[in-house]
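Engineer: Provided below are the primary sequence and the corresponding predicted coordinates.
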Amino acid sequence: MTEACQCSPDAGSEPSEIHVQSLGRNVCPTNGRQGKLVDTKTVMAMLMIPLTHVKPAQYYFCREADCPTVYYSTDGQIFNETYLRERVFQKNPNDGSVHVCYCFRHSANSIHEELESTGKLTVIESITNGIQAGQCACEVRNPQGTCCLGNVIKLLKKLQIEQQHI
Ligand SMILES: [Zn+2]
């Protein structure tokens, strides 16, 4: 495998950056799967408990539907949905009322409603227009801390497949 670097772990990096290099340290402690690094600002925006619980650790987002843990830290802290101000799209794949787009409040149900009443799907256009207008704030609105468009596209594919079967 790769040779261990002899230089200081801090060499060349920003002073504020903490890199956890040891493999296996940053997998979800609940299901053992690799989560995605999430900005602490996102965790702080999502928590409904006092932010005194937030530690100077790196937080990760577990996106697996079969795992109750949403955020976990490199020092073993775990937050499931009951600690959060939002329900999490990835954790509720069969609940159409859970938002897929948190900035503009789209859900599988709202997409279904539009399809049924107008036969159209304008959700992508709506989100794209919002992004261009500088109205999105995924880092503090979306539990994953990043843009929802990938999730929306996946959801639309799923809904359109369902639509063909009606
Ligand atoms: Zn997990």
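Structural biologist: All right, it came through fine.

Engineer: and the gap between the nearest residue to R87 once chain neighbours are set aside and the ion?
Structural biologist: Excluding its sequence neighbours, the residue lying closest to R87 (C-beta to C-beta, 6 or more residues apart in numbering) is V98, at 4.7 Å. For every residue, glycine as well, the C-beta is placed using N, CA and C. Counting by C-beta to the ion, to the nearest Å, the gap from V98 to the ion is 17 Å.

Engineer: kindly report the same for E86.
Structural biologist: In terms of C-beta to the ion, E86 sits 17 Å off from the ion.

Engineer: can you pull the contacts of that residue?
Structural biologist: 46, 99, 102, 141, 143 (C-beta atoms under 8 Å, 6 or more residues apart in numbering).

Engineer: repeat that for C148.
Structural biologist: 89, 100-103, 127, 138, 142.

Engineer: farthest pair within the contacts of E86?
Structural biologist: M46 and H99 (12.6 Å; C-beta to C-beta).

Engineer: one step back: looking at the contacts of E86, which is nearest H112?
Structural biologist: Out of the contacts of E86, the member with the shortest distance to H112 (by C-beta to C-beta) is H99, at 13.6 Å.

Engineer: correct me, but that closest one touches I111?
Structural biologist: No - contact criterion C-beta atoms under 8 Å: H99 and I111 do not qualify, at 10.8 Å.

Engineer: ok, these two, which is more surrounded?
Structural biologist: Counting neighbours by other C-beta atoms under 10 Å for H99 and for I111 shows that H99 has the greater number, 23 against 20.

Engineer: check contacts around D75.
Structural biologist: 55, 57.

Engineer: name the element it belongs to?
Structural biologist: D75 belongs to no helix or strand when assigned by DSSP states H and E.

Engineer: please work out the average pLDDT along the lengthiest helix in the chain.
Structural biologist: Looking across the chain with DSSP state H, the single longest helix is helix 149-164. For helix 149-164, the per-residue pLDDT values average out at 84.

Engineer: just the buried positions in the helix or strand harbouring K41, please.
Structural biologist: K41 is located in helix 40-46, with elements delineated by DSSP H and E. Buried positions in helix 40-46, judged by neighbour count with 16 or more other C-beta atoms under 10 Å: 40, 42-43, 45-46.

Engineer: so Y72, which state does it fall into?
Structural biologist: Three-state call for Y72 (DSSP: H, G, I helix; E, B strand; the rest coil): strand.
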